[in-house]
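>>> model the structure of this input:
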Amino acid sequence: MDREKQAADCAMANEGRHVAESGGMRKLRIAVVSGGTFPHTRPYIDFYRQRGHEVFWIAFDRQIPDYGVPTFDISHGASARRPWSKWKYLWAGLSLRKILRRLRPDIVHGQYVSSAGPVCLLSGFRPYVLTAHGGDLLGHTKSLPRRMLLRPSLRRAALVNPVSRQLAEVVEELGVTRERILTATLGVDMDALPYRPRVEWHSPVRLLCTRGLRAVYDPVTILRACAILKRGNTQFTCTFAAGGPMEPELRTLARKEGLEGTVRFLGGYQHSGIAELLYDHDIYVSASLFDGSSLSLLEAMACGIFPVVSRIPSNQGWLDEGRTALMFAPGDAMELAERIRQSLESAALVREAVQANRSRVEERGSRHRNMGLLESQLYRLLAAEG
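Below you'll find the model as predicted:
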């Protein structure tokens, strides 16, 4: 993105901060549309509720948690195990239309543009806002039919909120004008993530990956790097904190590589304990093949944990290679192992990096700041609607 766009984002950030801190605006009726299993839905709902807005959740798969707001199911039997066929978008869009006629919200906020986008479009309701998180764009734009499905959904949106600059460029390529793009990640709760860099690392050094055990996050490359480190007599442990469908395969690979006792799998963790989990480790590792704007990375940066991550655009949007992080080519276990070894020998780099990373998250990754910015844009849209 160019300087003009960055300046516009900065101006909107100041406005968003002002709105988030003021209490004089009228409260809104907001309908959130997303999949029931989509993990980032709750923070948006919680923020809107905390701000005093009246929130409704309309979910299009059957596994729907209780987030403490009126909730409506438009799944028509779709679920993670029974995915949607294309005709169910039409069915869900018509169902959403009926519900919105009853609720009469001020605005609709769709999460994950490849699914919520078509549903919001087909509902006929305006204005609606779409948030793009990563896989919903990066995983769909290479296919012409999928691009054709995305384009009208994005173009009819009053505002599109990509969570990274890379996604903003994709949104622009799909025909959304710059004045309708708000680039801002959901961000992290800075109050829950105090800055606490380690004075000295553990011995052996402790590596941590908090990404889900799924192919897109490429945990196999991390395991293979661990095997390389062990063969080179580097003293370390590695923790995979999250669970996921690849866990059985990864456990088998760890045994095959002789990594029992060196690598451990927690099988999942309570997010309320993420700060203590990070503080108990020295290096944050992620091998993601592509991403939107990784909240796991922001959490590590906020807490003062040094990142060694894949060299992909989303990570490069937050980190400066060789100054605030070390990076490796996606899928390259040998380079990852080398970067981990390099970090063990770079105390001055690590010390300066973690300080700079904390400042960057405070400036661009604070949830209070970014959600205030989004809220200000909702008010701006409604004012424009008259």
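>>> list the helices and strands the helix or strand harbouring Arg97 packs on?
If you go by DSSP states H and E, Arg97 is part of helix 87-103. In this structure, helix 87-103 packs against strand 29-34, strand 54-59, helix 113-123, with contacts taken as 3 or more Cβ pairs under 8 Å, 6 or more residues apart in numbering; DSSP states H and E. For glycine as for every other residue, the C-beta is placed from the backbone atoms N, C-alpha and C.
>>> dump the ones you listed to CSV, plus mean pLDDT.
Shown next, in CSV, are these (pLDDT from 0 to 100):
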stretch, mean pLDDT
strand 29-34, 96
strand 54-59, 96
helix 113-123, 91
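>>> reformat those as TSV; add distance to Arg364 and mean neighbour count.
Formatted as TSV, the helices and strands packed on helix 87-103 follow (distance: least, Cβ to Cβ, whole Å; neighbours: other Cβ atoms under 10 Å):
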stretch	distance to Arg364	mean neighbour count
strand 29-34	24	24
strand 54-59	26	22
helix 113-123	22	24
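>>> please convert those to a markdown table, extending it with distance to Gly134.
A markdown table is the format used below for the helices and strands packed on helix 87-103 (distance: least, Cβ to Cβ, whole Å):
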| stretch | distance to Gly134 |
| --- | --- |
| strand 29-34 | 14 |
| strand 54-59 | 20 |
| helix 113-123 | 10 |
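>>> closest one to Ala92 among these?
Closest approach to Ala92 among the helices and strands packed on helix 87-103 is made by helix 113-123 (4.9 Å; Cβ to Cβ).
>>> just checking: what are the partner strands of whatever helix or strand comes next after that closest one?
Where DSSP H and E defines the elements, the next helix or strand beyond helix 113-123 is strand 128-132. According to DSSP bridges, strand 128-132 forms sheet pairs with strand 107-111 (parallel), strand 159-162 (parallel).
>>> list the contacts of strand 128-132.
By Cβ atoms under 8 Å, 6 or more residues apart in numbering, the surrounding residues in contact with strand 128-132 are 44, 107-113, 116-117, 120-121, 153-154, 156-163, 167, 170-171, 292, 377-378, 381.
>>> so what's Ser115 up against?
Contacts of Ser115 (Cβ under 8 Å, 6+ apart): 34-35, 60, 84, 89, 136.
>>> ok, Val170 - how many residues close by?
Neighbourhood size, Val170 [other Cβ atoms under 10 Å]: 18.
>>> just give the closest residue to it, not the sequence neighbours.
Closest residue to Val170 apart from its sequence neighbours, by Cβ to Cβ, 6 or more residues apart in numbering: Leu137 at 5.0 Å.
>>> tell me which helix or strand the one you found sits in.
Leu137 is part of helix 135-138, with elements assigned from DSSP H and E.
>>> so which elements touch that helix?
For helix 135-138, the packing partners by 3+ Cβ pairs under 8 Å, 6+ apart are helix 113-123, helix 165-173.
>>> alpha carbons only: can I get the last one in PDB?
Presented in PDB, the C-alpha positions along helix 165-173 are these (Å, rounded to 0.1, in the frame of the first residue of the first chain):
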ATOM      1  CA  ARG A 165      -2.300  -5.000   3.800                       C
ATOM      2  CA  GLN A 166      -1.800  -8.000   1.500                       C
ATOM      3  CA  LEU A 167      -5.500  -8.800   1.800                       C
ATOM      4  CA  ALA A 168      -6.300  -5.100   1.100                       C
ATOM      5  CA  GLU A 169      -4.400  -5.400  -2.200                       C
ATOM      6  CA  VAL A 170      -6.400  -8.500  -3.100                       C
ATOM      7  CA  VAL A 171      -9.700  -6.700  -2.300                       C
ATOM      8  CA  GLU A 172      -8.700  -3.800  -4.400                       C
ATOM      9  CA  GLU A 173      -7.800  -6.100  -7.300                       C
END
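>>> what about whatever helix or strand comes next after it, average pLDDT?
Moving toward the C-terminus from helix 165-173, the next helix or strand (DSSP H and E) is strand 205-209. The pLDDT scores in strand 205-209 average 98.
>>> give me the contact list for whichever helix or strand comes after strand 205-209.
Proceeding N to C from strand 205-209, the next assigned helix or strand is helix 219-231, under DSSP H and E. If you take Cβ under 8 Å, 6+ apart as the criterion, helix 219-231 is touched by 207, 209, 211, 213, 236, 238, 240, 244, 246, 250, 253-254, 257-259, 262-263, 285, 287, 330-334, 336-337, 340-341.
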